[in-house]
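Asker: just a sequence and a predicted model for now, questions to come.
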Amino acid sequence: MPSTAQPKADNVALTRDVNSLKDERESLRTLLLNLTEEKKANPEENFDYLNENKEACLSFCEAQKEKEESEAANPDAPTSQSTNNPAADDIKEPRTPAV
């Protein structure tokens with residue numbers, strides 16, 4: 001009499017895979033629905049706000065490149081290892097009393 005343990009194990013593994021694929025399909029459908037709604041809400045395709053983010057990112061990259069080039073040109077100069085971020089001092093967790 002052949003054993004049914006292996007087919008049952010395969011069936012369990014396949015069931016997990018199918019459920020995972022169903023979850024992924026549902027996530028993709030939700031994403032598509034959200035993107036479709038955004039497209040309908042913005043028929044002019046006015047995505048100027050993305051350029052602002054792009055410009056900020058590019059300016060950061062340029063500044064980082066200049067910093068790395070200056071460090072490479074002068075390897076004997078001490079580099080700042082400071083992690084003091086004064087802007088972060090103003091940030092507090094929600095429902096946290098002000099100090």
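Answerer: Here it is on my side, so go on. Numbering: from 1, shown residues only.

Asker: output the lowest mean pLDDT helix or strand found in the chain.
Answerer: helix 48-73 (a mean of 86; mean pLDDT, DSSP states H and E).

Asker: for this structure, which spans come out with low pLDDT?
Answerer: Residue ranges of the chain with pLDDT under 70: 1-2, 46-47, 77-99.

Asker: residue boundaries of the strands in it?
Answerer: Using DSSP state E, the chain contains no strands.

Asker: scan it for its longest helix.
Answerer: In the chain, assigned by DSSP state H, the helix with the most residues is helix 5-41.

Asker: and that helix, how far out from the chain middle?
Answerer: Offset of helix 5-41 from its chain centre (C-alpha atoms, centre = their mean, to the nearest Å): 21 Å.

Asker: Q6 and A13: what is the separation?
Answerer: In this view, Q6 and A13 are 11 Å apart by C-beta to C-beta, to the nearest Å. Placement of C-beta: from N, CA and C, glycine included.

Asker: could you do K40 as well?
Answerer: As judged by C-beta to C-beta, K40 and A13 stand 41 Å apart.

Asker: for F60, same thing?
Answerer: 46 Å.

Asker: now do L33
Answerer: Remark: distance between L33 and A13 (C-beta to C-beta) = 31 Å.

Asker: same check, this time on A41
Answerer: From A41 to A13 the distance is 42 Å (C-beta to C-beta).

Asker: L50 now?
Answerer: Here the distance between L50 and A13 works out to 42 Å (C-beta to C-beta).

Asker: next: E38.
Answerer: From E38 over to A13 the distance is 38 Å, taken as C-beta to C-beta.

Asker: then L58?
Answerer: Counting by C-beta to C-beta, the gap from L58 to A13 is 47 Å.

Asker: one more: N51?
Answerer: Distance from N51 to A13, by C-beta to C-beta: 47 Å.
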